[in-house]
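Peer 1: would you be able to build a 3D model of this:
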Amino acid sequence: MTGKAIKIKLLELNKTQLDLLDELKKYGYRLMKQTLSGYITGRIHGPQADAVLGLVGKILKEWEKTI
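Peer 2: Model (predicted):
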């Protein structure tokens with residue numbers, strides 16, 4: 001899922017990146033706002049970024065199911 005797709009999906013679900021941060025904490029990822037933003041925009045790359053973005057996609061799909 002691309003950064004643009006993530007941002008669009010958050011808007012559609014009326015959620016924010018802060019909501020994502022809270023959800024990611026449940027999976028053991030304690031990220032700073034700037035770090036998550038860097039992952040989403042593509043400014044920060046690497047294995048952790050890939051893992052977090054994969055999890056973000058999973059979280060967004062779960063949120064879609066609850067609507």
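Peer 1: quick check, central residue of this protein?
Peer 2: Geometric centre of the chain, nearest residue: Val56, 3.7 Å, by Cα atoms, centre = their mean.
Peer 1: return the set of buried residues in the host helix or strand of Tyr39.
Peer 2: In the assignment (DSSP states H and E), Tyr39 maps to helix 33-41. Neighbour counts over helix 33-41 (16 or more other Cβ atoms under 10 Å) mark 35-36, 38-40 as buried. Every C-beta, even on glycine, is put in place using the N, C-alpha and C of the backbone.
Peer 1: pLDDT score for the residue nearest to the centre of the chain?
Peer 2: The model reports Val56 with a pLDDT of 98.
Peer 1: do Met1 as well
Peer 2: pLDDT for Met1: 85.
Peer 1: how near is it to Leu55?
Peer 2: Per Cβ to Cβ, to the nearest Å, Met1 is found 11 Å from Leu55.
Peer 1: same question, Lys26
Peer 2: 10 Å.
Peer 1: show me which positions of stretch 20-32 end up buried.
Peer 2: Result for stretch 20-32 [16+ other Cβ under 10 Å]: buried residues 20-21, 23-24, 29, 31.
Peer 1: closest one to Ile67 out of these, please.
Peer 2: Glu23 (15.2 Å; Cβ to Cβ).
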